[in-house]
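Undergrad: output the structure for:
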Amino acid sequence: MRDGETVAVLRAVHDEVCTDVPRSNTTRRTGVASGLLQAVREGRSSIEELRRAGRAALRTVPSMWP
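TA: This next block holds a predicted model:
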């Protein structure tokens, strides 16, 4: 699962999904990362599947900001 190519794809998708999330908002960024890893564990590994999983995680993780 954690071969170099997979890690690169996960990082790229994470960066794309978190474009508007400040780096200081580690709660949301960590939530997105967890969602992406869960998707890979479930066998969803295409870039589009990962994007969907990342966006879904972003919607469900509470924001630090009101």
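Undergrad: show residues contacting the top helix by length along the chain.
TA: When the chain is parsed with DSSP state H, its longest helix is helix 26-41. Contacting residues not belonging to helix 26-41 are listed as 1, 6, 10, 13-14, 17-18, 21, 23, 45, 49-50, 53-54, 56-58, 60-64 [C-beta atoms under 8 Å, 6 or more residues apart in numbering]. Where C-beta positions appear, they are placed from N, C-alpha and C, glycine not excepted.
Undergrad: can we see that at 6 Å?
TA: Helix 26-41 is contacted by residues 1, 10, 14, 17-18, 21, 50, 53-54, 57-58, 61, 64 when judged by C-beta atoms under 6 Å, 6 or more residues apart in numbering.
Undergrad: just checking, next helix/strand downstream of that helix?
TA: helix 47-60 (DSSP states H and E).
Undergrad: which helices and strands sit right next to that following helix?
TA: Applying 3 or more C-beta pairs under 6 Å, 6 or more residues apart in numbering; DSSP states H and E, one finds that helix 47-60 contacts helix 4-17, helix 26-41.
Undergrad: still on that earlier bit, buried subset of the contacts of helix 26-41?
TA: The neighbour-count test (16 or more other C-beta atoms under 10 Å) applied to these identifies 10, 14, 17-18, 21, 50, 53-54, 57-58, 61 as buried.
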